[in-house]
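Engineer: Structure of the sequence below:
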Amino acid sequence: MFEFSSGYYEDYEYNIKLIPNTDDISSIMALEDIDEYYFLYEVKPQDYLRIYDRSKIAQINDLQEDSEGNTHMNLVILGLDDTTFRKYAKKIGENYDKIKDKGILIDDYEYLEEVDGERVKQESRIYKYKVGDTVSGKIR
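Structural biologist: As a prediction, this is how the structure comes out:
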């Protein structure tokens, strides 16, 4: 059972990522309070796409440095099974057939910031890509 007592996450939609061994999967899926589940495939950290074009990076303060001294931002690539991708496309108002061979960049996020002694929800983006842009980078 997960419980967040601090209230920090109370105003967020969030997911919990579990990495179970194969024996645990059926018992997790059988839990009563699970609203939805899906399988997500993630590339290994050494295979993240490195974005070097600073004009496409909104969060300059989060840049990292590679072994040659060049600054970049890591873009994590995730893959969904076909059924989940169809559901997600519908949820965000996209036509599955138009985007099935493309990717969806999810780069907006919310965070809490102290403003005049109160926690205020802020929104930001990680990248500056627009719809139709091609994302270019290097994999390690």
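Engineer: Remind me which helix or strand the most centrally placed residue in the chain belongs to.
Structural biologist: What sits nearest the mean C-alpha location of the chain, by C-alpha atoms, centre = their mean, is I106, with 5.9 Å. For I106, there is no enclosing helix or strand under DSSP states H and E.
Engineer: Check T83 too.
Structural biologist: Here T83, judged by DSSP H and E, is contained in helix 82-91.
Engineer: Determine the set of other helices and strands touching that helix.
Structural biologist: helix 96-99 (3 or more C-beta pairs under 8 Å, 6 or more residues apart in numbering; DSSP states H and E). (Glycine included, C-beta is placed from N, CA and C.)
Engineer: tell me the average confidence for the helix it packs on?
Structural biologist: Average pLDDT, helix 96-99: 91.
Engineer: packing partners for that helix?
Structural biologist: Here helix 96-99 touches helix 82-91, going by 3+ C-beta pairs under 8 Å, 6+ apart.
Engineer: now the strands: where do they sit in the chain?
Structural biologist: Along the chain, counting by DSSP state E, strands occupy 40-42, 49-51, 64-65, 71-75, 78-80, 108-115, 118-125, 138-139.
Engineer: Please name whichever of the ones you listed is nearest to N95.
Structural biologist: Evaluated over the strands of the chain, closeness to N95 peaks at strand 78-80, with 16.4 Å, by C-beta to C-beta.
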